[in-house]
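Undergrad: Have a look at this prediction, sequence included:
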Amino acid sequence: QVQLVESGGGLVQPGGSLRLSCAASGFSFVNYAMSWYRQAPGKERELVAVITSAGGSISYTDSVKGRFTISRDNAKNFVYLQMTSLKPEDTAVYYCNTHWGSKNFWGQGTQVTVSS
């Protein structure tokens, strides 16, 4: 079955950096786009970044452009989110996602807290 396991979250001061990782298994990773979402307390889950199957196309939500970088390693079945210049408003649970057709698959999430 599809499994997505996120790691790398934690507590970081404003201006700091974190690198999130998502290990994927149970499907043909190389053939599917991968995304990172986040959900802050009391807010809806929002799309943060998307990378296509071969990594040829990448997009970001406006609030993270220039600070976050999504990448993937198709040999290892990993997708990453490098986050720099973190702000308190980046505090959220971050989720790895893939989908095909009407089916969405999620990891358990990893907490990122940006606070001094």
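TA: Thanks, I have the structure now. Residues are numbered from 1 along each chain as shown.
Undergrad: Could you report the pLDDT at the residue nearest the centre of the chain?
TA: Nearest residue to the geometric centre of the chain (C-alpha atoms, centre = their mean): Trp36, 2.8 Å. As predicted, Trp36 sits at a pLDDT of 98.
Undergrad: Over to Val64?
TA: pLDDT, Val64: 98.
Undergrad: do the same with the one 3 residues further on
TA: The confidence metric pLDDT takes the value 98 at Arg67.
Undergrad: mind listing what it touches?
TA: Shown in contact with Arg67 (C-beta atoms under 8 Å, 6 or more residues apart in numbering): Met83, Thr84, Ser85, Leu86. Where C-beta positions appear, they are placed from N, C-alpha and C, glycine not excepted.
Undergrad: Out of those residues, which sit inside strands?
TA: Among the contacts of Arg67, the members falling in strands (DSSP state E) are Met83.
Undergrad: could you redo the contacts of Arg67 as JSON lines and give each row pLDDT, distance to Gly9 and neighbour count?
TA: Below are those laid out as JSON lines (pLDDT from 0 to 100; distance: C-beta to C-beta, whole Å; neighbours: other C-beta atoms under 10 Å):
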{"residue": "Met83", "pLDDT": "98", "distance to Gly9": "10", "neighbour count": "26"}
{"residue": "Thr84", "pLDDT": "98", "distance to Gly9": "15", "neighbour count": "14"}
{"residue": "Ser85", "pLDDT": "98", "distance to Gly9": "17", "neighbour count": "13"}
{"residue": "Leu86", "pLDDT": "98", "distance to Gly9": "11", "neighbour count": "22"}
